[in-house]
Each structure stands twice: as C-alpha cells, then as structure tokens.
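Visitor: Have a look at this fold, sequence not included:
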C-alpha cells in the first residue's frame, strides 16, 4: 500500500495513439484529466456535488514528464498524491503506470483552482469538500515528494 | 508581423469540450500537439521527411498555463517560437489565440527529443533538418522571451 489514491483505471484506446500505435502526448494528459475527475469524485465534487454546491475545479497550470511509451490496449492506472492546498487552490501530482506495476510511465503535476461556476470566479473551499481535501493533504504530507515536482524546463548546459 | 510561426489553425471541435461547452484541459494540449506537427512539417519532418530519414521528434516534457476558457466552435490558431536547441533537443513555446487576435488563451512550453525511430534512440539533428532548426532558432532569438517560460509550479506563499 503506497498511500496514494488510485484515481483512474482503463485501457489505452485506439483513438488515443499515433501512427506507431503509441499513446500521443496529449492523451497522456487526457488520462490524467480523467484522474482529476476521479479525485473530484472522492472529495465530494462529483457531478451531484458540483450541482449541489455550484463549485468545481479548473486547471490553472500543469507540467508533464514523458518517461516511457505506452501502447494501444495497455491497461493503465493513475496514482494521485495531494501535495498541498491553500484557501482556493489544490496542488496535486499524478503518475501513470501499467495496472499494478511500479514503473512510472509519465508524471503530471497540476495546480487546480476552486471556482464558483456562476462566475466562474475563484472561491474558497467550503465544507464538506474542505474537510476532504484537508484530510488528504494531511495524510499525503508524510509520503515521499515525487521526483518530477517543481521542475524548470531547460536545455542542458553545454559541456 | 510578430516573427512567430503560425503552426495550427482550426475550430474547437465538439469532441474536445466538457459538459459546459468549454475546451477541456487535455484538448488544449492536443491542439498544441497538432501545432508541433505543423512545426515538423515546416522543418522537413513531415511524414515524407520522417519516412526518408527514419527520424522524428518525441515530447520529453511540457508545461501548460491555462489563461482563458475557449468555447466549442471558436476558430483558434497557434503561434510558435523556437527558444533554443542543442545537438538532439529542440525547446519551443506555443501560444493559443482566437484567429487573428493578440490575447494569449493558453501557453505551452515543450522540450522535444530528436530520435531515430528504429530504436527509438536519441540521435543528433542532421541536414537538411539541422539547417532548418538552426535558422529558426537564430531568427527567433531576437523575439521577446514568452512570459510563461521556465515556470516552477507552487502554491503562493502564505501572507
């Protein structure tokens, strides 16, 4: 048990691969986007929760590292760590794996904004979602910091 | 004339939007991925060039900033700046706009690796692609550095 949440499981679909049968870069992010939906389901922001509260999460920013190719038909899963939160923002990290396997195929850091959909405008987390995200952040604080968090992209310095 | 390359133009398709009719986060990246294809077409790595050389570009890493919502049916375009290159890597920046408009709707920094597809294994740029990327990098060096390049994602410090 890693302590991470499993937020997505499913096969790599034929629509998601390039001419070589490999998962296209944007569709890694679609899988991670579905994983964020899976996280929302676990913190009370599923479709019923969104309708009741008028609140949702918007993606402000994300960073992806592509580590291995993934083939059509592969059964994959996403594991999610809550890195932190403030009054209106949730900072998370997803990793993509073959189902049940340890190897990280890709990593995705996301910054999410809590919004009132009638604006949309940024708004503070409120109960019962607030308690859910606080509990996850507290539980995940003890986990190792993922390798690819906080990266700056740059060409290697010339030798 | 901005000096940037226009690498993609097209409408936001119904398959790309969420339940609110807004472009979903992963599909911003699909548009940027198509823009990278457009750049490849302009540097001799179109499908004929890939077949002749056995070379292609793989995405190593990318960073996205989401600045504005985009609605289904909107006609959008991507403008591309080459930020730099080394022997095997190309560092680029895309911005998404409504066609002909200055406002940046989203920004995407990408690090691309030049590969020999028979491995695949990283391999150095060779003519005629080498001259194309060198010429673009030289021409784009004088352009302003895009606002969102080199970002580290983090929660704001508590006040």
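Guide: Ah, there it is. It should be emphasised that the depicted structure is a prediction, and the values quoted were computed from it without experimental measurement.

Visitor: list the buried ones in the helix or strand harbouring residue A:30?
Guide: Residue A:30 is part of helix A:25-42 when elements are defined by DSSP states H and E. By neighbour count with 16 or more other CB atoms under 10 Å in any protein chain shown, helix A:25-42 contains the buried residues A:25-40. C-beta coordinates here come from the backbone N, C-alpha and C atoms, glycine included.

Visitor: Wait, a strand at residue A:62?
Guide: Yes. Residue state for residue A:62 (DSSP: H, G, I helix; E, B strand; the rest coil) corresponds to a strand.

Visitor: Beta-bridge partners for it, please?
Guide: Per DSSP bridges, the residues bridged to residue A:62 are residue A:110, residue B:64.

Visitor: Give me the neighbour count for it.
Guide: 27 (other CB atoms under 10 Å in any protein chain shown).

Visitor: Could I get the average pLDDT for the helix or strand where residue A:78 lies?
Guide: Applying DSSP H and E as the criterion places residue A:78 in strand A:75-85. Averaging pLDDT along strand A:75-85 gives 97.

Visitor: cool, and stretch A:43-57?
Guide: Stretch A:43-57 comes out at a mean pLDDT of 95.

Visitor: cool, stretch A:121-131 as well?
Guide: Mean predicted confidence for stretch A:121-131 is 96.

Visitor: Close to chain B: what parts of chain A are there?
Guide: Within chain A, the positions near chain B by CB under 8 Å from any CB of the partner chain are A:19-20, A:24-27, A:29-30, A:32-33, A:47, A:58-66, A:69, A:84-86, A:89, A:91, A:109, A:111, A:117, A:120, A:149-156, A:158.

Visitor: let's go with 6 Å and repeat that
Guide: A:25-26, A:29-30, A:33, A:59-66, A:84, A:86, A:89, A:91, A:109, A:111, A:150, A:152-153, A:155 (CB under 6 Å from any CB of the partner chain).

Visitor: ok, back up a step: closest one to residue A:8 out of the buried residues of helix A:25-42, please.
Guide: The shortest approach to residue A:8 among the buried residues of helix A:25-42 belongs to residue A:35, at 4.0 Å (CB to CB).

Visitor: ok, that closest one - contacts?
Guide: A:7, A:8, A:78, A:94 (CB atoms under 6 Å, 6 or more residues apart in numbering or on different chains).

Visitor: Looking at the residues you listed, which two lie furthest apart in space?
Guide: The farthest-apart pair in the contacts of residue A:35, when distances are taken by CB to CB, is A:8 and A:94, at 8.3 Å.

Visitor: Which one of those two is surrounded by more residues?
Guide: When residue A:8 and residue A:94 are compared for neighbours, residue A:94 comes out ahead with 29 against 21, by other CB under 10 Å.

Visitor: for the more buried one, phi and psi?
Guide: phi -110, psi 140 (degrees, to the nearest 10).

Visitor: what is it paired to in the beta sheet?
Guide: The partner residues for residue A:94, given DSSP bridges, come to residue A:80, residue A:108.

Visitor: Which parts of chain A are helices?
Guide: Secondary structure of chain A by DSSP state H: the helices cover A:25-42, A:47-53, A:129-140.

Visitor: Make JSON lines from those helices and add distance to residue B:51 to it.
Guide: Conversion of these to JSON lines gives the following (distance: least, CB to CB, whole Å):
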{"stretch": "helix A:25-42", "distance to residue B:51": "21"}
{"stretch": "helix A:47-53", "distance to residue B:51": "46"}
{"stretch": "helix A:129-140", "distance to residue B:51": "47"}
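
Visitor: Just give me the neighbour total for residue A:111.
Guide: 21.

Visitor: Do you know the pLDDT at it?
Guide: 97.

Visitor: Residue A:64 too?
Guide: On the pLDDT scale, residue A:64 gets 98.

Visitor: Surely it and residue A:108 touch.
Guide: Yes. The criterion here is CB atoms under 6 Å, and residue A:64 meets it with residue A:108 at 5.1 Å.

Visitor: so what secondary structure elements neighbour the strand holding residue A:78?
Guide: Strand A:75-85 sits against strand A:5-11, strand A:89-98, helix A:129-140, with contacts defined as 3 or more CB pairs under 6 Å, 6 or more residues apart in numbering or on different chains; DSSP states H and E.

Visitor: Enumerate the positions of that strand that are buried.
Guide: Those would be A:76, A:77, A:78, A:79, A:80, A:81, A:82, A:83, A:85, for strand A:75-85 by 16+ other CB under 10 Å.
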